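**Student:** Using only what follows, build the 3D model:
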Amino acid sequence: MDLNHIATFVRVVESGTFTAAAIALGLPKSSVSRGVAALEAALGVRLLQRTTRRLSLTEAGRQYFQDARGALGGLEEANNVAADRGNAPRGTVRITAPGDFGGGMFSEIVAEFTLRYPGIQLDIVLTGRRVNMIDEGFDLAVRAGMLEDSSLVARKVASTTLGLYAAPAYLQRHGHPKRLADLTKHNCVLHRSARGVFPWRLSGPRGPELVSVAGTVTADSLEFVGGLVASGVGIGLLPDLGVEEEVGRGRLVRLLPAYALRGGALYVVTPPLRHVPARVALLRTHLIAEFAKRMGPRRV
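**Tutor:** Down below sits the predicted model:
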């Protein structure tokens, strides 16, 4: 039995289409199709039902997929254990992080790691979508907010605080809000997370208060929201840590400093594995240490 054909079949099922599997495997679509057909011929049973629009597993295919994926995972783990006995860590680590992490602190942390461990290749996916780490083959994830999958191994590395900011040009045109209720009279740049528009429930002298705001722009990237706020479009709720440089340059002004959105958490997450490859453990340790150092003990 050709293990490559088994691995190809598993990737096709995980990817959902022959085309997506071919891209993931770096093979022509025809080679992927032939590999699955050869596996079915060797087993003497049909594993996939093919139509012009979609693929579906037969009953035999569903059971075979579950067994084969578990067996391949065991082989990969054995390979990782053997590889870790070498002198220098090497191999690829797949990591996903929020789309807003495209620059600044996260890129600096990654750059430091790659210079320290040149034998380790990093495959980084920045996205606002909450990926399935196990099904999509990710070794590590940096996640902000609430964790939904309790099977994952998570380490909280920081707690974040968001404050109210605006550009001096905007404040010259529209004035400074003097109290929280004044925000309803201003144009606010809103952030839409995977769960919807980011609510402005701010902690202040009287405890948590919800303020109803509106604006001309809503975006799913905090980095983009920050750029619009710095350009004078309106008032935004932005991470304090991420805008310190802009405040120092005078491009942003902190408003109503007694109010903030608190409690957002940042995690480094790994799938539940019996053996964590050395390259993954090294990156995980590096991320945890650097996030804690740069975000400061007051936020952890």
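
**Student:** Every contact and neighbour count from this point should use C-alpha atoms.
**Tutor:** Fine.

**Student:** where does residue 172 land on pLDDT?
**Tutor:** On pLDDT, residue 172 comes in at 96.

**Student:** Quick check: phi and psi at residue 186.
**Tutor:** For residue 186, the backbone dihedrals are phi -110, psi 160 (criterion: degrees, to the nearest 10).

**Student:** where's it relative to residue 233, distance?
**Tutor:** According to C-alpha to C-alpha, to the nearest Å, residue 186 stands 10 Å off from residue 233.

**Student:** Comparing those two, which residue is more hemmed in?
**Tutor:** residue 233 (21 against 18; other C-alpha atoms under 10 Å).

**Student:** could you list every residue that touches that one?
**Tutor:** 170, 187-189 (C-alpha atoms under 8 Å, 6 or more residues apart in numbering).

**Student:** so where do the strands sit in the stretch 151-300 of the chain?
**Tutor:** In the stretch 151-300 of the chain, the segments counted as strands under DSSP state E, counting those that start in this stretch are 153-166, 187-193, 196-197, 201-204, 207-210, 214-219, 235-239, 253-255, 261-270.

**Student:** Quick one: those strands as JSON lines, columns for distance to residue 179, mean neighbour count and mean pLDDT too.
**Tutor:** Shown next, in JSON lines, are the strands of the stretch 151-300 of the chain (distance: least, C-alpha to C-alpha, whole Å; neighbours: other C-alpha atoms under 10 Å; pLDDT from 0 to 100):
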{"stretch": "strand 153-166", "distance to residue 179": "12", "mean neighbour count": "21", "mean pLDDT": "86"}
{"stretch": "strand 187-193", "distance to residue 179": "15", "mean neighbour count": "21", "mean pLDDT": "89"}
{"stretch": "strand 196-197", "distance to residue 179": "22", "mean neighbour count": "11", "mean pLDDT": "69"}
{"stretch": "strand 201-204", "distance to residue 179": "11", "mean neighbour count": "16", "mean pLDDT": "92"}
{"stretch": "strand 207-210", "distance to residue 179": "12", "mean neighbour count": "13", "mean pLDDT": "92"}
{"stretch": "strand 214-219", "distance to residue 179": "16", "mean neighbour count": "14", "mean pLDDT": "93"}
{"stretch": "strand 235-239", "distance to residue 179": "14", "mean neighbour count": "26", "mean pLDDT": "92"}
{"stretch": "strand 253-255", "distance to residue 179": "10", "mean neighbour count": "19", "mean pLDDT": "96"}
{"stretch": "strand 261-270", "distance to residue 179": "16", "mean neighbour count": "19", "mean pLDDT": "82"}
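
**Student:** of all the contacts of residue 233, which two lie farthest apart?
**Tutor:** 170 and 189 (12.1 Å; C-alpha to C-alpha).

**Student:** what touches both of these two?
**Tutor:** 233-234.

**Student:** which one in this structure is furthest away from the centre?
**Tutor:** residue 44 (41.1 Å; C-alpha atoms, centre = their mean).

**Student:** and it, what does it touch?
**Tutor:** So residue 44 contacts nothing (C-alpha under 8 Å, 6+ apart).

**Student:** backbone phi and psi for it, please?
**Tutor:** The phi/psi pair for residue 44 (degrees, to the nearest 10) is phi 70, psi 30.

**Student:** which ones are touching residue 168?
**Tutor:** With contacts defined as C-alpha under 8 Å, 6+ apart, the neighbours of residue 168 are 232, 250-253.

**Student:** what's the pLDDT at it?
**Tutor:** 97.

**Student:** how far away is it from residue 218?
**Tutor:** Distance from residue 168 to residue 218, by C-alpha to C-alpha: 21 Å.

**Student:** do residue 55 as well
**Tutor:** 37 Å.

**Student:** And residue 249, by the same measure?
**Tutor:** According to C-alpha to C-alpha, residue 249 and residue 218 sit 25 Å apart.

**Student:** Same check on residue 177?
**Tutor:** 21 Å.

**Student:** so residue 191 bridges to which residues?
**Tutor:** residue 219 (DSSP bridges).

**Student:** I'd say residue 272 and residue 140 touch.
**Tutor:** No: Residue 272 lies out of contact with residue 140 (C-alpha atoms under 8 Å); the separation is 10.8 Å.
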